[in-house]
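1. Please work out how this folds:
(chains A, B, C, D, E, F, G and H)
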There are 8 protein chains.
Amino acid sequence: MAQPKVLIVMGSDSDFEQLEPAWKILSELGVECDVRVASAHRTPDTVHELATTARAKGFGVVLAAAGGAAHLAGVFAANTTLPVVAMPIANGTLGGMDALLSSVQMPPGIPIASVGIAGARNAGLFAAAILAAAGGPIADALASYREQMKERVTKADHRVREQLTS
Amino acid sequence: MAQPKVLIVMGSDSDFEQLEPAWKILSELGVECDVRVASAHRTPDTVHELATTARAKGFGVVLAAAGGAAHLAGVFAANTTLPVVAMPIANGTLGGMDALLSSVQMPPGIPIASVGIAGARNAGLFAAAILAAAGGPIADALASYREQMKERVTKADHRVREQLTS
Amino acid sequence: MAQPKVLIVMGSDSDFEQLEPAWKILSELGVECDVRVASAHRTPDTVHELATTARAKGFGVVLAAAGGAAHLAGVFAANTTLPVVAMPIANGTLGGMDALLSSVQMPPGIPIASVGIAGARNAGLFAAAILAAAGGPIADALASYREQMKERVTKADHRVREQLTS
Amino acid sequence: MAQPKVLIVMGSDSDFEQLEPAWKILSELGVECDVRVASAHRTPDTVHELATTARAKGFGVVLAAAGGAAHLAGVFAANTTLPVVAMPIANGTLGGMDALLSSVQMPPGIPIASVGIAGARNAGLFAAAILAAAGGPIADALASYREQMKERVTKADHRVREQLTS
Amino acid sequence: MAQPKVLIVMGSDSDFEQLEPAWKILSELGVECDVRVASAHRTPDTVHELATTARAKGFGVVLAAAGGAAHLAGVFAANTTLPVVAMPIANGTLGGMDALLSSVQMPPGIPIASVGIAGARNAGLFAAAILAAAGGPIADALASYREQMKERVTKADHRVREQLTS
Amino acid sequence: MAQPKVLIVMGSDSDFEQLEPAWKILSELGVECDVRVASAHRTPDTVHELATTARAKGFGVVLAAAGGAAHLAGVFAANTTLPVVAMPIANGTLGGMDALLSSVQMPPGIPIASVGIAGARNAGLFAAAILAAAGGPIADALASYREQMKERVTKADHRVREQLTS
Amino acid sequence: MAQPKVLIVMGSDSDFEQLEPAWKILSELGVECDVRVASAHRTPDTVHELATTARAKGFGVVLAAAGGAAHLAGVFAANTTLPVVAMPIANGTLGGMDALLSSVQMPPGIPIASVGIAGARNAGLFAAAILAAAGGPIADALASYREQMKERVTKADHRVREQLTS
Amino acid sequence: MAQPKVLIVMGSDSDFEQLEPAWKILSELGVECDVRVASAHRTPDTVHELATTARAKGFGVVLAAAGGAAHLAGVFAANTTLPVVAMPIANGTLGGMDALLSSVQMPPGIPIASVGIAGARNAGLFAAAILAAAGGPIADALASYREQMKERVTKADHRVREQLTS
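-> Below you'll find the predicted structure:
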């Protein structure tokens, strides 16, 4: 069976800049993904079509990015049993709190899990972790990504100690 | 042309108690309404069908009640050009702030207008006001409802003055 | 009977920039509207006069824009049975949360419905939807506006797919 | 010149229980006050009449109690130059935060000062302090009220010390 | 008896810019005021001395401006029976919500009334209204200030109507 | 390869009642799970041991339930590349907003995805969806769970229509 | 030199129930403490006297418990260089958020550190940790308290595993 | 016994600018401190090693700075009985409210005390106060720092009085 892909959907292409780190990290980790613009409110039929066919088309995770009254992830979750990860976008004047609550506070029965506000990189990493739940090359890629992060922090630690503590 | 009706939709029948004042006040004002249970997340196809056919079936306003990540009004608004009024339900632990923000913070292009948290009576009155925008018997019923309210407040004022100020 | 007009009122002309999209979209949709500056606090008599005479002057909807302790929509609603739509303005340091709550949390009996913070375009669209509750040319204009939005999102989708997914 | 009186107004007689401590403390301090039920939304003409005539009738302070989208104090302040003190009532599901912001965040030019949520006793004390700004018997009554409070705290301190620290 | 003065106190001279409109409007209205820098936390003895002697020195109102954990107004109120008006300053990252709550949520017995966040002009106007509670020249100055505001709004209304509605 | 299991961890056994729906739904769906009590703060070594060995022991998802400063999911995520789903518990006085923000606002690099406050059932469903990302019997169980939900809502809809609309 | 004591102060004896766990845990750990009732607002002179003499009387830490506009810790900190730990009390309708912000958001120069809302036990433990900063018997008592907690969690873990996982 | 040192830890070196005032004030007060970069999420083993060995290495206080879901202080507190002071960093879009709640709302048993958002200077001062709980040269340095602050405020007071009140 082929490795499932990630479907990344944003409600508006003006959200692309905030979404981009998700797409980048997935590429780095060797996870195939499609990026789509589809709005729960402006192109509901496209969203419906994407959601109902996602599993059959080989997607294993949906990552939905939206701001304000962020309904995109919810509408996806209503139409697929794939795991749907919300990425709340911070637009407007409330710092993304509206998008976070609109995403995360789903009624019992239709789950969404949300990363933090503007948490695109983590959304990508979480999607990868889902695909690596049973191990395999993506799990290895995640482990090695962790090692690189650890090294960067350790180097920063050395740099700061040299500058301040001596 | 027949007087348009009001379509009242709640995401769960457990919300009925909070919704009831909307249905009652519309009945008192002589506005015909249908009450339906349909969930943006659990029965999305029902919601889609209700929304896309509402205008043709003679509805003039949709009143959508939901709590938490309240997507019901948004999904209606995405599928009809009728005015959709959200009624945020206070369930869970955030006092309905999640439902309010999920309802009101819609992206440009697809409008919703929301009454206050648990504001069922006002949702009914607002639906009536929409249908009475050009006057007619509902406008008269609203005016007379206002007079009755005024009288009740005036009587309460007299009662309190007698008790306290004498 | 003539098509009812929309009365747009702002509490201060410094709010005009945030209000402008409402006026523009109504013009595009062919809805006649008057724009007024009147403050619930600084010119209460003007507001009272506008509210009590609005229906007789042929208005069918009032759109009231104000920030902070936003009382404008409430004072209108107290003096007319026309539907009053609040447009909370984001000024000051609380991101418009004060204006939203001051607008939306009305006591039972006097309804207001509010669009989102700084949601001028949607306020205009909602006012149009009210006037189109029973169908007619504004309903057609709204439907065609929706089609144009849909096309723009679909084009953005194609553009993004070409750039990223190939 | 006679000692100015305090005008206490509540938007609904259901708020009376929360308001009562204001009236009681003013009575204790020997300040004359009238208590009225008048709603900015349901009986706007009564509010207008009360506000515009308050100074001439011998009132020196207005204390306005309201919950939710609390516009009462603002409407009073718009129609009198007397000091208007808001008392935000905690009703609904937001703990009175809506009433606090609706009261306190007034636009420049029309001031309101607000006590805390459900702060009736303090509203009464503040009204008394206003009337005692230039000294006189109410100032003496306030000073003696302070002394009594101090004694009560001091006694509680002794009681606790005896119980715990010995 | 001489007209009482207003004591304006700020916790830090970095707050001066936010405070200035209070001082300016009081000067315009012909109210004498002293402006002091005194911190509840950094110069508590100065605050204590100012508070305990304020009435005897001829002050009738204290206006206390502070940000963050804004204790200045509370410490004043603890040491004088004069009316103390808080002016919450918006510094830091919470938009002044911390200063508002620290000011307004006083325990029963020691009242403070607060204007809105960064509401310096209104704080000045409210202080003037306190001194004008029994009428006199400051009441006249306030009434004429209101008239000027009304004219400015009315002119803005005309300007907007000419530009947009014609 | 065996079907991965779900590791459910709660910070305190007093959270069990809020957690229980996760365990129940997973059992219903035929997903094997272990339930553990381990605290990021009180038994950090147990958490570390659980996290670092989870993948090797055959777990595919970690579900971490905690309230207040909810660090449990974060500490798991720091020590495993498995997907970690946070379930914020509502204890204390802030309605679980503290637990939600402590869970969801993770720094870039170490992802957590969170369900809503007190969203145990959804946490279980989301864990199942992760394990069903590539299809299989759990995907079928999820699909049939959805159908049952849909039927319940449809029946409630019929019941309400019979009672109210006739 | 004698072991410094802890001074526990509450603004009102009605806060005692929320404060009690601090006093109890300190007793268990063998730390001597005095408990006092003193209000920053109602008995400011007592607070001033306690603060300015605390170090000389052998106290090493002050623990100040207050709710609402919680100024007690700040007033202590203004008058002593001892570490002052705030314990925000949850009273009123805002869940203690007012007390938390009033305590923690101190201006630069006069530090307070705050435990969580209603965090009396932790306030006591933190006071003990301060006195044990350089080691000694209190450090040993803290370490052994930790061991007991760990055992309780471990036992709860075994209990739950037996019940659910078998 | 040697004077204990302060261990300052930040989760990311990008937080250094916000942290710097802590390090500076400790240097000014003559308190020795080490500054480290260690992340609860990215280098958990480093944090564990730092925490478990801190007391033995001569540290008396840990100051942990982190933003967002700020778990650093909690993870330290879980692994040492030294007093751990959290310094919530304001990054992201929520003004540091996430970091404050993630830091301060610790479960009973493992205490953290937190300074205000971005309160680095106060964190340093509080760490010093802990080390000076039993008096000594740091207590003297703190007292003299207070005197300098007092003088600066007093000078600002004079400057303002000369400019405005004359």
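2. quick one, what contacts the residue in chain A positioned nearest to chain G?
-> Relative to chain G, the nearest point of chain A is A:M97 (14.6 Å; CB to the nearest CB). (Each C-beta comes from the backbone N, C-alpha and C, glycine too.) By CB atoms under 8 Å, 6 or more residues apart in numbering or on different chains, the residues touching A:M97 are A:I117, B:L101, H:L94.
3. The first one and H:N91 touch, don't they?
-> No. In this structure, A:I117 is not within contact of H:N91 by CB atoms under 8 Å, at 11.1 Å.
4. Compare the two and say which is more crowded by neighbours.
-> Higher neighbour count among A:I117 and H:N91: A:I117, with 26 against 22, using other CB atoms under 10 Å in any protein chain shown.
5. from the contacts of A:M97, which are also near chain F?
-> A:I117, H:L94 (CB under 8 Å from any CB of the partner chain).
6. tell me the pLDDT at A:S166?
-> A:S166 is assigned a pLDDT of 56 by the prediction.
7. do stretch A:32-39 and chain C meet at all?
-> Yes. Stretch A:32-39 is in contact with chain C by CB under 8 Å from any CB, via A:D34, A:V35, A:R36, A:V37, A:A38, A:S39.
8. Identify the residue nearest the third one in space, chain neighbours excluded?
-> To tie it back to what came earlier, the one meant is A:R36. A:V9 (4.9 Å; CB to CB, 6 or more residues apart in numbering or on different chains).
9. How about the fourth one?
-> The spatial neighbour of A:V37 that comes closest, neighbours along the chain excluded (CB to CB, 6+ apart), is C:D157 at 4.0 Å.
10. Run through the helices of chain A in chain order.
-> Along chain A, counting by DSSP state H, helices occupy A:16-28, A:44-53, A:72-78, A:97-104, A:120-131, A:137-160.
11. Mind exporting the C-alpha coordinates of the last one to PDB?
-> Translated: helix A:137-160. Output of helix A:137-160 as PDB, limited to C-alpha atoms (Å, rounded to 0.1, in the frame of the first residue of the first chain):
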ATOM      1  CA  PRO A 137      11.000   6.200   7.000                       C
ATOM      2  CA  ILE A 138       9.000   9.200   8.100                       C
ATOM      3  CA  ALA A 139       9.500   8.200  11.700                       C
ATOM      4  CA  ASP A 140      13.200   8.100  11.000                       C
ATOM      5  CA  ALA A 141      13.100  11.500   9.300                       C
ATOM      6  CA  LEU A 142      11.300  12.900  12.400                       C
ATOM      7  CA  ALA A 143      13.900  11.400  14.700                       C
ATOM      8  CA  SER A 144      16.700  13.000  12.700                       C
ATOM      9  CA  TYR A 145      14.900  16.300  12.600                       C
ATOM     10  CA  ARG A 146      14.800  16.200  16.400                       C
ATOM     11  CA  GLU A 147      18.500  15.500  16.600                       C
ATOM     12  CA  GLN A 148      19.200  18.600  14.400                       C
ATOM     13  CA  MET A 149      17.000  20.800  16.600                       C
ATOM     14  CA  LYS A 150      18.800  19.500  19.700                       C
ATOM     15  CA  GLU A 151      22.100  20.300  18.200                       C
ATOM     16  CA  ARG A 152      21.100  23.900  17.400                       C
ATOM     17  CA  VAL A 153      19.900  24.500  20.900                       C
ATOM     18  CA  THR A 154      23.000  23.000  22.400                       C
ATOM     19  CA  LYS A 155      25.200  25.200  20.200                       C
ATOM     20  CA  ALA A 156      23.200  28.300  21.200                       C
ATOM     21  CA  ASP A 157      23.700  27.200  24.800                       C
ATOM     22  CA  HIS A 158      27.500  27.100  24.300                       C
ATOM     23  CA  ARG A 159      27.500  30.400  22.500                       C
ATOM     24  CA  VAL A 160      25.600  32.100  25.300                       C
END
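12. Point to the residue nearest the middle of chain A.
-> Centroid check for chain A by CA atoms, centre = their mean gives A:A123 as the closest residue, at 2.8 Å.
13. That one contacts A:V62, doesn't it?
-> No. Counting by CB under 8 Å, A:A123 does not reach A:V62; the two are 10.6 Å apart.
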